[in-house]
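Student: Here you go, sequence then predicted model.
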Amino acid sequence: MTAQNPNLAELDRRLAEKQISGIWRIPPGARPGDPKTKVQPYLWKWADVYDGLLQARDQIDIERGTAERRTLRLVNPGVPESEMTSHTMLFAFQLIQPGEVAPPHRHTMAAIRFILQGKGGYTNVGGEKMVMEDGDLILTPQWAWHEHAHEGAEPMIWLDGLDVPFVQSLQVISFEPYPEKRMAVQNNPYDSSAYGMGRPVTREEQKPAAPLHYRWRDIYPALKRLADGEPHPYEGYALEYVNPLTGGPSLPTLSCWLQLLKPGQRTRSHRHTSTVLYHAFRGSGTTVINGQPFHWEKGDTFVVPLWHWHEHASRSASEEAILFSMNDAPVLKPFGLYREQGAGESHLGL
Ligand SMILES: [Fe+2]
Ligand SMILES: [Fe+2]
């Protein structure tokens, strides 16, 4: 804002020369009353993603080094220059062919994999070989060495979730290729998820490890048990994947959820300062975001931007709907920046 008073304008000019700025230069009313985001609600259809992956399968040769990963990113139209799905998170889909190896590396970005299709692929994280099955969630914590390999017969597809734009905003991205072509699989006496809440007693002191592999065969029955009870007013039936060592989310920057809507079930509307990326794993439904309906079916992916009202409804009379989701609440909560408001509730603020 240019000052009307010539003396003040002169002061502003002289301060600017010294890289100093008076706070009076912020125009009145420029501070928003509510959180604002450039991220837009958007839905990506599975047919488009799948078709893109199949075409990339024929063009991208991982072995010959066209790219390290055959991955398609979901680009939010509100932040197109970043090629990210929101201001904090990235959702991408990856396809690996039988016999391929996506070379080992590590980075300061944390990643999750939610497995969608195929058999016989595995991810090696820090020497732990985790065989991927549909509906499994596999974690790659920050700076952990990891590679993907496929010993099966059909192409494998999974959903990648990362905190790339958040780490980028802190300007602490580091990336390192593994010094060798392949990572060895270690003969770990206990796999991170095989013993549930127990830990085998070993002769040598071992560092307790957080689970890296949450299996569908464990979490789905748990979700069904939850669905025997009363639904959450805004979420239907939802489980958060937890890190039992901290009681917190599965990764320090990302929380993953699995959510069930019974046939015909509808939630109430609410909004929060976290952003959520959803993937429809089963069934069909409609999510209304700030009054705009987004109809989803199995395989579709959509984003609910922060502080946007949203409610979910199942569209099937006979089939349950299951949504996998990832949110950025873990980077808000420790700083008192997480707020939520239900329809009809007053907004209490911080
Ligand atoms: Fe990676
Ligand atoms: Fe929500």
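Tutor: Right, received. Where do you want to start? Ligands and ions are numbered 1, 2, ... in the order given.
Student: Next, count neighbours for P103.
Tutor: For P103, the tally of surrounding residues (other C-beta atoms under 10 Å) stands at 19. No exception for glycine: its C-beta is placed from N, CA and C like everyone else's.
Student: three-state assignment of the residue nearest to it when sequence neighbours are not counted?
Tutor: Nearest residue to P103, sequence neighbours excluded (C-beta to C-beta, 6 or more residues apart in numbering): E68, at 5.6 Å. Following DSSP: H, G, I helix; E, B strand; the rest coil, we place E68 in the coil state.
Student: right, and E68 touches E100 too?
Tutor: No - with contact defined as C-beta atoms under 8 Å, E68 does not reach E100; the gap is 11.1 Å.
Student: Which of the two has more residues huddled nearby?
Tutor: Neighbour count, other C-beta under 10 Å: between E68 and E100, E100 has more, with 18 against 15.
Student: just for the stretch 51-200 of the chain, where's the confidence low?
Tutor: Counting by pLDDT under 70, the stretch 51-200 of the chain has low-confidence residues at 65, 187-193.
Student: what about the strands in it?
Tutor: Ranges of strands within the stretch 51-200 of the chain are 71-73, 90-96, 101-107, 111-117, 121-125, 128-131, 137-140, 146-150, 156-162, 175-177, based on DSSP state E, counting those that start in this stretch.
Student: for the stretch 201-350 of the chain, what spans make up the strands?
Tutor: Under DSSP E, counting those that start in this stretch, the stretch 201-350 of the chain gives strands at 213-214, 237-240, 242-243, 248-249, 255-261, 270-272, 276-282, 284-289, 292-297, 301-304, 310-314, 321-327, 340-342.
Student: what's the closest of these to I157?
Tutor: strand 276-282 (11.8 Å; C-beta to C-beta).
Student: helices or strands next to the closest one in the packing?
Tutor: Using 3 or more C-beta pairs under 8 Å, 6 or more residues apart in numbering; DSSP states H and E, the elements in contact with strand 276-282 are strand 111-117, strand 292-297, strand 301-304, strand 321-327.
Student: So which elements touch the first one?
Tutor: So the one you mean is strand 111-117. strand 137-140, strand 156-162, strand 276-282.
Student: in its sheet, what does it sit against?
Tutor: Paired with strand 111-117 in the same sheet, following DSSP bridges, are strand 137-140 (antiparallel), strand 156-162 (antiparallel).
Student: Mind checking these for the one nearest to K298?
Tutor: strand 156-162 (12.8 Å).
Student: got a list of what H232 touches?
Tutor: A238, T267 (C-beta atoms under 8 Å, 6 or more residues apart in numbering).
Student: how close does it get to V131?
Tutor: In this view, H232 and V131 are 33 Å apart by C-beta to C-beta, to the nearest Å.
Student: Can you give the contact residues for the longest helix along the chain?
Tutor: If you go by DSSP state H, the chain has its longest helix at helix 46-59. With contact meaning C-beta under 8 Å, 6+ apart, helix 46-59 is reached by 66, 70, 72, 74, 93, 95, 97, 155, 157, 297-301.
Student: What residues of that helix count as buried?
Tutor: For helix 46-59, the neighbour count (16 or more other C-beta atoms under 10 Å) marks W46, V49, Y50, L53, A56 as buried.
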